[in-house]
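A.B. asks: Any chance you can model this:
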Amino acid sequence: MSNYKLTIQYDGTDYAGWQIQENARTVQGTISDAIRVIITEEVNLIASGRTDSGVHALGQVANFRDEKEIDIYQFQHSLNSILPIDISAINIQRVSESFHARFDAKERTYLYLISKEKYPFYYKYSLIKKNLDISLMNELSNTFLGEKDFTSFCRKNPEVKDKTCKVNFIRWRETNNFYLFFISADRFLHGMVRTIIGTLFKALDLGENKSYIENIFNEKNREAAGEAVAAKGLFLYKVKY
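C.D. replies: Got it, this is the predicted structure:
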């Protein structure tokens, strides 16, 4: 049995997220259909994590197994020829049969892009917000570091019992035209990154300090946190194994 690891980039604007759903266009479904055309078999395409509707990826990782040996160079060329313009397999390699894109991932990193002004070429991929106090945002963001219960910062889902995540890195950076938000954790819950950012914005607007965010953690209530920001600025940046 051969196992193939794919590194994938996609514009999630026109997709209902990664995971296959009935009556919806998804990234997983689109790639799986393209692979089936090439190898004439159904595959189980496993991703490092499920990006939400409208979320993009610069470094999503997925894998699938097949009985046949595949010419990787030809396969990548054929796959990208079939895939729509908003999805690309930027790397494909044969890996050990035991490799699992989701369970072997040690850390995922997300990037959120914020424009300082209205830019015609970035409106689809960024939120517009001016005059962010980066020093204060980083100070507030440090409250999220470590292993914590993120019940207040994710969508309610009775199927997910464990809401504990370990955030290893969180940082705001500033360029001439943009504010960049990076966050790395062992796992992420549905809507978690966008809710964290929305809560930070709310804390900033209200002039609150770290204790405000700590109280939201303690409440374990999604309604206590801020409104999630738009999906269009969020990118799965990279996955560490």
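A.B. asks: gap between residue 22 and residue 128?
C.D. replies: With distances taken as C-beta to C-beta, to the nearest Å, residue 22 is found 35 Å from residue 128. (Each C-beta comes from the backbone N, C-alpha and C, glycine too.)
A.B. asks: Which residue ranges of the protein form strands?
C.D. replies: Using DSSP state E, the strands found in the chain span residues 2-10, 46-47, 56-66, 87-95, 107-115, 127-128, 146-149, 164-174, 178-185, 234-240.
A.B. asks: buried set for the last one?
C.D. replies: Right, strand 234-240. Going by neighbour count (16 or more other C-beta atoms under 10 Å), the buried part of strand 234-240 is 234-239.
A.B. asks: which helices and strands does it pack with?
C.D. replies: Applying 3 or more C-beta pairs under 8 Å, 6 or more residues apart in numbering; DSSP states H and E, one finds that strand 234-240 contacts strand 56-66, strand 107-115.
A.B. asks: got TSV for those, with mean neighbour count, distance to residue 139 and mean pLDDT too?
C.D. replies: As requested, the helices and strands packed on strand 234-240 are exported to TSV (neighbours: other C-beta atoms under 10 Å; distance: least, C-beta to C-beta, whole Å; pLDDT from 0 to 100):
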stretch	mean neighbour count	distance to residue 139	mean pLDDT
strand 56-66	21	27	97
strand 107-115	20	18	98
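A.B. asks: can you redo those as a markdown table with distance to residue 81?
C.D. replies: Shown next, in a markdown table, are the helices and strands packed on strand 234-240 (distance: least, C-beta to C-beta, whole Å):
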| stretch | distance to residue 81 |
| --- | --- |
| strand 56-66 | 18 |
| strand 107-115 | 28 |
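A.B. asks: Could you check the angle the longest helix seen in the chain makes with strand 107-115?
C.D. replies: Ordering each helix of the chain by length in residues (DSSP state H) puts helix 192-206 first. Angle of helix 192-206 versus strand 107-115, following axes from the mean of the first three to the mean of the last three C-alpha atoms, to 10 degrees, is 50 degrees.
A.B. asks: Check which helices and strands helix 192-206 is in contact with.
C.D. replies: Using 3+ C-beta pairs under 8 Å, 6+ apart as the contact test, the elements touching helix 192-206 are strand 107-115, helix 134-141, strand 178-185, helix 210-219.
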